[in-house]
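*Asks:* just the structure for this:
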Amino acid sequence: MVKRFFVSIVAVYSLAFPVLGQINDSVQTPKISPRSQNITKSDTIAWVDDKLMVDKSADKVIKNSIPFKPDPNKAVLYSAIFPGLGQIYNRKYWKLPIVYGGFLGLAYAISWNGRMYNDYTAAYKAIKSNDPRSEANFRIWGPFVRRITDPSQITDSEITTYQNSFKRNRDSYRRYRDLSIIGAVALYGLCMIDAYVDAHLFDFDISPDLSLRVEPQVQTDPFAQKSFGVQCSFKF
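*Replies:* Next up, the predicted model:
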């Protein structure tokens, strides 16, 4: 009897010991990894900075996803500050060669016509002086009349002809110079207008379906008579 009771206690203990061991393992204190034990204040700050950088990059992606829409007031202001800046702001870079090519051409025209105007003005003044045949005066207006080498052989009628010629050339080059200046000012204003209008029409929808259809049309009047014609329709 005692032996049977002892065997029963041993059997119960052997069955209960694994269960108690599992319970003890499940409620034991969690282990802290060596890395987590070494967390310092600087590590926390670095983690926060990384988090902020991720947020900033996300904001940047969101901002970059917004379509670009230029401001017309800024576009005309930039173009007024310097020609071509408005086109750069509107991202119409293909217009820059046209703008700067036009200004370079007009600048050359102003310089050339201004130089010729000054030369013919000096020649006209020299030949209109009291002694146009003097060496000093002939050195000024002589290069414009290359076939003459000896000013003493020039007649008064020829002097008068040269005076009229120099005067016409002077007036012509002055007019061309003034027109070139006016053209440069007009191009400057045109760049401002183009930048302003282009900014307004930047997101204007130009559909590829825009078309003009021309087709024959048959109409019947109330008296059952047919009339033929051509119908034009715009699709937009």
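*Asks:* could you look up the SS state of V218?
*Replies:* Using DSSP: H, G, I helix; E, B strand; the rest coil, the structure places V218 in strand.
*Asks:* does anything pack onto the longest helix anywhere in the chain? Which helices or strands?
*Replies:* The residue-count maximum for a helix in the chain (DSSP state H) belongs to helix 156-200. Judged by 3 or more C-beta pairs under 8 Å, 6 or more residues apart in numbering; DSSP states H and E, the packing partners of helix 156-200 are helix 72-81, helix 85-89, helix 96-127. Using the backbone N, CA and C atoms, a C-beta is placed for each residue, glycine as well.
*Asks:* just these: most buried one?
*Replies:* helix 85-89 (a mean of 21; mean count of other C-beta atoms under 10 Å).
*Asks:* so which elements touch that one?
*Replies:* Counting contacts by 3+ C-beta pairs under 8 Å, 6+ apart, helix 85-89 packs against helix 72-81, helix 96-127, helix 156-200.
*Asks:* what does it contact?
*Replies:* With contact meaning C-beta atoms under 8 Å, 6 or more residues apart in numbering, helix 85-89 is reached by 70, 74-80, 93, 95-96, 99, 191-192, 194-196, 198-199.
*Asks:* try 6 Å
*Replies:* Residues outside helix 85-89 that contact it (C-beta atoms under 6 Å, 6 or more residues apart in numbering) are 75, 78-79, 95, 195.
*Asks:* try stretch 144-157
*Replies:* With C-beta under 6 Å, 6+ apart as the test, stretch 144-157 has contacts from 123, 133, 138.
*Asks:* ok, and the closest non-adjacent residue to the second one?
*Replies:* If I follow you right, that is R133. Closest residue in space to R133, ignoring its immediate chain neighbours: P151 at 4.3 Å, by C-beta to C-beta, 6 or more residues apart in numbering.
*Asks:* go on, the first one?
*Replies:* Among residues not flanking A123 along the chain, W141 sits closest, at 3.8 Å (C-beta to C-beta, 6+ apart).
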